[in-house]
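Engineer: Fold the stuff below for me.
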Amino acid sequence: MIALELARTRELRGAVLIEPPMRAADAPDPAQAAFLGEFDRELAARGGAAAGELFLRTAIGDTAFERMPPALRERAVGRWREIRGDSAALVAYAPRYAELPRLTTPVLLVGGERSSSYFRPTLHALAAALPHARLEIIAGGHMLHAESARRFNELVADFTDHC
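Structural biologist: Model prediction:
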């Protein structure tokens, strides 16, 4: 959301958006509000770490969560306050898709083949709305920079070379 808002207000050479969690239409997404409610219920019932774990399991999947190194997993679930704030901001954010065709910034949109299906409609909506967008779906899940580092780095390097 921040990168997209910067592209709206500043002249940028380019922007890379990796599975933005924003909704795929301007209308409110009941799934976002429902997740925030589920997060808050988990927070009230079992505490911040449990709510943080719920978020991570939802965003990256159980398998990727279980594969996370314990120190990284602990640090990530400990960020539950920030996760809660970001989730609330997503519910409130209005993408304003009708304005996006005016953007002149080149945008690389990147998604993972194994990522949550939640991200794909947004990537396609952004690709359709942004006149200078390129959409790339690569092997891996939501943690593309780690799971598919070589391909991800190649895409970003090629994109930046042409901006």
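
Engineer: In this protein, mark out all the helices, start to finish.
Structural biologist: Along the chain, counting by DSSP state H, helices occupy 2-9, 30-46, 48-60, 62-67, 70-77, 80-92, 119-129, 144-147, 149-161.

Engineer: what about those helices, which gets the closest to P101?
Structural biologist: helix 119-129 (6.1 Å; CB to CB). (C-beta placed from N, C-alpha, C; glycine too.)

Engineer: How about residues contacting that closest one?
Structural biologist: The contact list for helix 119-129 (CB atoms under 8 Å, 6 or more residues apart in numbering) reads 17, 19-25, 97, 100-101, 107, 109, 111-112, 133-135, 137, 142.

Engineer: Any buried residues in it, and which?
Structural biologist: Using 16 or more other CB atoms under 10 Å as the test for burial, helix 119-129 gives 119-120, 122-123, 125-126, 129.

Engineer: hey, which helix or strand in the protein has the poorest pLDDT?
Structural biologist: helix 144-147 (a mean of 83; mean pLDDT, DSSP states H and E).

Engineer: Nearest residue to the residue nearest the centre of the chain in space, ignoring adjacent ones along the chain?
Structural biologist: Ranked by distance to the mean C-alpha position of the chain (CA atoms, centre = their mean), the top residue is P20 at 3.1 Å. Using CB to CB, 6 or more residues apart in numbering and skipping the chain neighbours, the partner closest in space to P20 is T122 (5.8 Å).
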